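*Asks:* here you go, sequence then predicted model.
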Amino acid sequence: MPRPAAVSLGGVSKHYAVPGGPGVTALAPIDLDVHPGEFVSLIGPSGCGKSTLLRIIGDLVQATEGQVLVNGKPAHQARLDRDYGIVFQDPVLYDWRTVARNISLPLEMLGWDRQRRASRVAEMLDLVELGGFEGHYPWQLSGGMQQRVSIARALSFSPALLLMDEPFGALDEMTRERLNGELLRIWQQSGCTIVFVTHSITEAVFLSTRVVVMSARPGRVIGIVEIDVPQPRTVDTREEPRFFELVTAVRERLRKGGAAEAEAQAEAELLLVEEER
Amino acid sequence: MSAIVPVPPNTLRRAGRRAGDWAPAAAVLVAGILVWQGLVTAFDIQRFLLPKPTEIATALRENWTFLRHAALYTFGEAVAGFVVGSAVAIATALLLARWRPLGRALLPYAIAANAIPIIAFAPIFNNWFSLVSPIPKIAIAAVLVFFPVMINMLRGLTSVHPSSIELMRSYAAGEAATFRRVRIPNSLPFLFSGLKVASVLAMIGAVVSQYFGGLRTTSLGLFIKEKAALALFPEAWAAIVLASVLGVAFYLAIVLVERSVLRWHPSVRGARAG
Amino acid sequence: MVARRGVRGVLAFAAVLIGLVALWEGYRAIGQATGLTWPFPVNERSMPHIYEILGQLFQPSRRNGPPLVTVLLQAALFTAREAALGFVLGASTGFVLGIALAHSRLLERGLLPYIVASQTIPILAIAPMVVVWLGAGLFSVAIIAAYLTFFPVTINTLRGLRSADPRAHELMDSYAANRRSVLWKLRVPASMPYLFTALKISAPASVVGAIIGELPSSIQGGLGGAILNYNQYYITSPASLWATNVVAAALGISFFGVVLLAERLVVHRAPEHVA
């Protein structure tokens, strides 16, 4: 098991140029440090750039400005060294491969031999509790099961960092809660760092050690809430008073962020009117 | 405010980009024709291998009266076959979609039948309908058209989202209404897919079925075959060029109709927006 | 369960066959009884009995010659060889071309218009000339079949290579995959359904191409030659020409069947949704 990675973002911003216009700033400069072994959630309103930020960490999108360090290296190098695994909202499994071969895809790319691949695949299937489904095809599985395969695939090569982009967003509430529990267990067993993007406040609070709250576009960090609920967290954790307090705290931060945005918007419009006059 | 309205930079850039898109193709075309003409002249390649474009043009001009007549007649056979074949295909598809069990049972056979070399029936049709009549050619074209159109339309009529059907049921709509409001509109993109394929097949069918015989003065195919046998290749190519042009024109006509009928479809919408 | 489906399939097949025979004999009976002459005159010559057609297969093909069925099967094999060669040549060329075009926008813009335009030349129409140029023989007829195959395969391969989910591409990026891995592990497998759609169209087309290719120079050994031959004897023996057509039909269908089988083995996809 490799040492979990730290992620360090310094002044990271993302600007999209639009021909014939001022362009769109998706992310205003962001500074953020994720410590090794942490579980950090990014939460914010739609369009706030949290998915973009995740992809910047993964070097799938280039930041316009700023520096991204993953595991002590620039993000680009970290990607080339395959220091992270990624899980999307869509399982993105390959239709033409069985479950087992889907999980072994990154291992094939890493050049592992067949035996090593087979044993790791078996391990992973146990980890996500899908033993016995090796020979199934993705379309024969439910959404939740497919997503578990996707997680198994992401973890198959024991990355130091796991990036997750609303992985449970397409699932129903109960499956979601169950997979939340499983994810925590998997996290503790694998010991990696996780950066997790979500829309759901309860999910963020349940899973994370810290919740990073972002504002609407241009996305900015407007608050970080420390989640001091002890591990291991179970179904009962969701009903504890401290849990509710934290959920409220995050919600308040989000609303304040939204309110602040609305205020800033109104001010800007006022200024414009002043100018034209 | 200036009185001159400047051209928005977008349009110019877009036009320039589009011209740029075609540059490689245009370059290949010019190069190709030059090379063709050059090679044939320089190496004095025997005329029967590949006539010079100029020779083909000459042959076209010299035989114009005949070619024009034969080409239009042959095209007429193709269009007639297309119309008959499509009409029967659409009717069959509607029937098979309405009575599903029948449709489900017969579809695999239709798909298999599509693999039969229809053109091989040309001699039999010539025997049935008389060699010099246009009917064998029309029949071949019609059968060639029937299968792709029928199969595509049937697929379009049946690949409706289950929710759409349930919605209609919730309105207590009968089969006929469901057909009219849901299945048929849904099938149109598929139908046009089939019609485009069929238009090409119809023309080819008409020309090739004439290889098995026909009336001299109206058969483009017979002309091609005879000129080729006499090694008069510029003449044969002239006829082929004419057949191709008509075939493409037919195809484009269908595309135009498709554009206007399917204005809402993403494939047409996307093209417009680009 | 599988057995039941198999039995039902066989019954359906038998039903369709019986239905077709009934349609044929029924039309003929009615036509003869009422003296139908439109669209075509119905008599023993235009519509031989089904059993006559089948029976003809076992008659000698000519005086003191081998039975028709042997002659026709040999001809079918002859034609099949040409068609198969052309099909394989066309499909491999098309596949490679598709990959090349998917990788180079320049190549695509330069060549694609011509590839599309090449299909406006009715190859079947120039079959006479092709065969004369290249000399009548296996190869020149195969070229016709290849021509008919390479276009749909190129276009569909190109489309299929581009059909993968963008997120599947992102996944490959996250693995820092090189171009070759992306091609063989993602794009090519994703293109298989599209490829097989093209192959299903071109397989029977290759057979047609081969038959037509045999016509002009009267290559004797194949089905094209057989059709021309028995066409001459239609007056005396209509059943022979019909029998030839039946064999040609069987050839086309079996080519299609082989591709279908290959598709079953290679492509694992969710079953289509039909409502």
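*Replies:* The structure has been received and is ready for your questions.
*Asks:* so what's the residue count around residue 158?
*Replies:* Chain wasn't specified; assuming chain A. The number of residues packed near A:Ser158 is 12, by other CB atoms under 10 Å in any protein chain shown. For every residue, glycine as well, the C-beta is placed using N, CA and C.
*Asks:* oops, I was thinking of chain C
*Replies:* Here the neighbour count serves as a burial measure; for C:Leu158 (other CB under 10 Å) it reads 22.
*Asks:* pretty sure it sits against C:His103.
*Replies:* No. Under the criterion of CB atoms under 8 Å, C:Leu158 lies out of contact with C:His103, with a separation of 10.3 Å.
*Asks:* quick check: the residue of the stretch 101-250 of chain A found nearest chain C vs chain B, distance?
*Replies:* For the stretch 101-250 of chain A and chain C, the shortest gap (CB to the nearest CB) falls at A:Trp139, measuring 3.7 Å. Counting by CB to the nearest CB, to the nearest Å, the separation of A:Trp139 from chain B is 17 Å.
*Asks:* and the pLDDT at that residue?
*Replies:* Confidence at A:Trp139, expressed as pLDDT, is 88.
*Asks:* and what about it, helix, strand or coil?
*Replies:* When states are read from DSSP: H, G, I helix; E, B strand; the rest coil, the local structure at A:Trp139 comes out as helix.
*Asks:* counting neighbours, what do you get for it?
*Replies:* Counted with other CB under 10 Å, residues neighbouring A:Trp139 total 12.
*Asks:* element containing A:Arg185, please.
*Replies:* In this structure, A:Arg185 is located in helix A:173-190 according to DSSP states H and E.
*Asks:* elements contacting that helix?
*Replies:* Other elements packing on helix A:173-190 under the criterion 3 or more CB pairs under 8 Å, 6 or more residues apart in numbering or on different chains; DSSP states H and E are helix A:114-127, helix A:143-155, helix A:201-207.
*Asks:* turn those into JSON lines, columns for distance to chain B and mean neighbour count.
*Replies:* Shown next, in JSON lines, are the helices and strands packed on helix A:173-190 (distance: least, CB to the nearest CB, whole Å; neighbours: other CB atoms under 10 Å in any protein chain shown):
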{"stretch": "helix A:114-127", "distance to chain B": "33", "mean neighbour count": "16"}
{"stretch": "helix A:143-155", "distance to chain B": "18", "mean neighbour count": "23"}
{"stretch": "helix A:201-207", "distance to chain B": "29", "mean neighbour count": "23"}
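*Asks:* for C:Gly19, find the nearest of the ones you listed.
*Replies:* The minimum distance between C:Gly19 and the helices and strands packed on helix A:173-190 falls on helix A:143-155, with 44.3 Å, by CB to CB.
*Asks:* need the residues that contact the lowest-mean-pLDDT helix or strand in chain C.
*Replies:* The least trusted helix or strand in chain C, going by mean pLDDT, DSSP states H and E, turns out to be helix C:123-134, with a mean of 74. Residues lying outside helix C:123-134 but in contact with it, judged by CB atoms under 8 Å, 6 or more residues apart in numbering or on different chains, are B:48-49, B:119, B:204, B:207-208, B:211, B:221, B:224-225, B:228-229, B:231, B:233, B:236-237, B:240, B:243, C:140-141, C:143-144, C:147-148, C:208-209, C:212-213, C:215-217, C:219.
*Asks:* go again using 7 Å as the cut-off
*Replies:* B:49, B:204, B:207-208, B:221, B:224-225, B:228, B:233, B:236, B:240, B:243, C:140-141, C:143-144, C:147-148, C:209, C:212-213, C:216-217 (CB atoms under 7 Å, 6 or more residues apart in numbering or on different chains).
*Asks:* toward the C-terminus, what is the element adjacent to it?
*Replies:* Following the chain from helix C:123-134 toward its C-terminal end, the next helix or strand by DSSP H and E is helix C:138-161.
*Asks:* near chain A at all, that following helix?
*Replies:* No. Counting by CB under 7 Å from any CB of the partner chain, chain A has no neighbours in helix C:138-161; the shortest distance is 11.8 Å.
*Asks:* isn't A:Arg253 right up against A:Val212?
*Replies:* No. With the criterion set as CB atoms under 7 Å, A:Arg253 and A:Val212 do not qualify as a contacting pair; they are 9.9 Å apart.
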